[in-house]
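Asks: below are the sequence and a predicted model; questions follow.
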Amino acid sequence: MGRIFNSPDVTKPCKSCSFALSNTLLMSGIMKNVVALFTALFLTVTLFAQKGEFKIAAIGFYNLENLFDTIDSPTTNDADFLPGGRLHWNAEKYWSKQANMAKVISQLATEKTSDGLALLGVSEIENRLVLEDLVAQPLLKSRNYQIVHFESPDERGIDVGLLYQPKYFTVTSAQSIPVMIMENDTSGRDFTRDVLYVSGKFDGEPLHVLVNHWPSRSGGESASAWRRAEAAKVCRHVVDSLTAADPNAKIIIMGDLNDDPNNKSLTQVLRAVRSADRMKVDELYNPMYDLFQNGDGTLAYRDAWNLFDQIIVSKGLVSKKTGGWQFFKPVVFRQPWLFQEEGAFRGYPLRTFVGDIFLNGYSDHLPVYTLFVKKK
């Protein structure tokens, strides 16, 4: 049973990818870094031209890629992540992985706010323990991140969670909502990650957060699309309930959705649109759409970037009529040290393992965050 604590699922790059492919991705990453630099400069000028008039906060998401502990769990498919398992996952590798995750998280959004991320959704975690170890890392400890986590019935034993700084956010309720994937054959239910739904007060304002890790593309994108549509329906139901009570409800949907912004699970089921200017009453705004259309992404696969990691907001966070905290800018976090510099995967995110080889990297996904502003 989940509680609030106050203290081969995602598509992977194939090993046969060529060196030329990696060069293409590397050059793409360099261009994105240049664009990001100019974007950051523009953002700085825009926000701080009126000194002292705005508060700024950041909310993010990061797929931590198989953050397992080293303890054998009878309810988790963790055989590979044990000292005697295929990956020889021991204490040294575990604590190195924790330090690497903390390094990334500690730097997110710090160019705009010294507090870094006020809230961080995470996926591919084994249990609450790995989150406790994460928030206790030296680079994160001073932020006093608190944890919301529930055990999911996922077949791999991985969950989603939410970290938050009580300086910004106070939890009022939380629940784990199952995604019911019923196969057409006799295999019955396909167990996947639950949706984590957390409500609270963000700097005194009501805020609802849905953290997701939708079903993978295993079996092919088209053949598996209906599973992600089922996960999208869960989020859509929550949004409909909240906006029926308050059309200006402030809602954030985040996660590794295993679909791009232009896929039907997002555009047709969730009704997340590209433009905030022409939103209908029942639509959500997906600020990651333009990033994706401009070639940005969070994971690399077969000579292309996918943008599976997304943060989507409700009309209440983009409508000037509502006041309070408002969405401002989406960011895919890119630093040179987050990318593999050589080999067949040059230009890809530097991950913990490639096959059985320990790279001591970070994740096969890049983190994302969004900036929010509020007049003082």
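Replies: Happy to help now that I have it. Numbers count the residues shown, from 1 in each chain.
Asks: show me the shaky parts of this protein.
Replies: 1-52, 185-186 (pLDDT under 70).
Asks: could you redo the last one with a cut-off of 80?
Replies: 1-52, 184-187, 303 (pLDDT under 80).
Asks: in the lengthiest strand in it, what counts as buried?
Replies: Counting residues, the longest strand found in the chain (DSSP state E) is strand 54-67. The neighbour-count check on strand 54-67 (16 or more other C-beta atoms under 10 Å) flags 54, 56-67 as buried. All C-beta atoms are positioned from the backbone trio N, CA, C, and that covers glycine.
Asks: check the secondary structure at residue 236 for me.
Replies: Assigned with DSSP: H, G, I helix; E, B strand; the rest coil, residue 236 falls in the helix class.
Asks: look up how far residue 265 lies from it.
Replies: 10 Å (C-beta to C-beta, to the nearest Å).
Asks: higher neighbour count, those two?
Replies: residue 265 (25 against 19; other C-beta atoms under 10 Å).
Asks: quick check, that one in contact with residue 228.
Replies: Yes - counting by C-beta atoms under 8 Å, residue 265 touches residue 228, with 4.4 Å between them.
Asks: quickly list what's touching both of those two.
Replies: 214, 257, 259 (C-beta atoms under 8 Å, 6 or more residues apart in numbering).
Asks: wait, the second one sits on residue 269?
Replies: Put plainly, it is residue 257. No - if you go by C-beta under 8 Å, residue 257 and residue 269 don't touch, sitting 10.9 Å apart.
Asks: can you give me the helices in the stretch 51-200 of the chain?
Replies: Secondary structure of the stretch 51-200 of the chain by DSSP state H, counting those that start in this stretch: the helices cover 91-107, 128-135.
Asks: okay, those helices in CSV with distance to residue 219 next?
Replies: Below are the helices of the stretch 51-200 of the chain laid out as CSV (distance: least, C-beta to C-beta, whole Å):
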stretch, distance to residue 219
helix 91-107, 29
helix 128-135, 28
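Asks: between those, which one is nearest to residue 206?
Replies: helix 128-135 (24.8 Å; C-beta to C-beta).
Asks: how much space between residue 118 and residue 172?
Replies: Counting by C-beta to C-beta, the gap from residue 118 to residue 172 is 16 Å.
Asks: centroid residue for this protein?
Replies: In the chain, the C-alpha nearest the mean C-alpha coordinate belongs to residue 61, at 3.0 Å (C-alpha atoms, centre = their mean).
Asks: ok so, going back, residue 118 and residue 172 - which one has more neighbours?
Replies: Per other C-beta under 10 Å, whichever of residue 118 and residue 172 has more neighbours is residue 118, with 25 against 13.
Asks: unless I'm mixing things up, that one is touching residue 169, no?
Replies: Yes - using C-beta under 8 Å, residue 118 is in contact with residue 169, at 6.2 Å.
Asks: overlap of the contact sets of these two?
Replies: residue 202.
Asks: still on that earlier bit, identify the bridge partners of the residue nearest to the centre of the chain.
Replies: Listed by DSSP bridges, the beta-bridge partners for residue 61 are residue 121, residue 368.
Asks: quickly note the distance from it to residue 264.
Replies: Distance of residue 61 to residue 264, given as C-beta to C-beta: 21 Å.
Asks: so residue 330 bridges to which residues?
Replies: Those that pair with residue 330 in a beta bridge, by DSSP bridges, are residue 370.
Asks: quick one: the strands in the stretch 151-300 of the chain?
Replies: Ranges of strands within the stretch 151-300 of the chain are 159-164, 169-177, 181-182, 189-190, 195-202, 205-213, 251-256, 272-273, 284-285, 299-300, based on DSSP state E, counting those that start in this stretch.
Asks: which stretches of the stretch 1-150 of the chain form strands?
Replies: Along the stretch 1-150 of the chain, the segments classed as strands by DSSP E, counting those that start in this stretch run 3-5, 54-67, 117-125, 146-149.
Asks: ok, back up a step: of the buried residues of strand 54-67, which pair is most distant in space?
Replies: The most widely separated members of those, counting by C-beta to C-beta, are 54 and 66 (38.4 Å).
Asks: mind listing the residues bridging to the closest residue to residue 188 other than its chain neighbours?
Replies: Excluding the flanking residues, the one nearest residue 188 by C-beta to C-beta, 6 or more residues apart in numbering is residue 182, at 7.1 Å. Listed by DSSP bridges, the beta-bridge partners for residue 182 are residue 189.
Asks: higher neighbour count, residue 257 and residue 269?
Replies: Regarding residue 257 and residue 269, a neighbour count based on other C-beta under 10 Å identifies residue 257 as having more, with 28 against 20.
Asks: chain neighbours aside, what residue packs nearest to the more buried one?
Replies: residue 214 (4.8 Å).
Asks: was I right to think that neighbour contacts residue 254?
Replies: No - counting by C-beta under 8 Å, residue 214 does not reach residue 254; the two are 11.5 Å apart.
Asks: so what's the residue nearest to the centre of the chain up against?
Replies: Going by C-beta under 8 Å, 6+ apart, residue 61 touches 120-123, 211, 254-256, 309-311, 367-369.
Asks: gap between the two ends of stretch 212-225?
Replies: 16 Å (C-alpha to C-alpha, to the nearest Å).
Asks: then stretch 248-264?
Replies: End-to-end distance (C-alpha to C-alpha), stretch 248-264: 25 Å.
Asks: ok, and for that stretch, which residues are buried?
Replies: Here stretch 248-264 shows 249-261, 263 as buried, counting by 16+ other C-beta under 10 Å.
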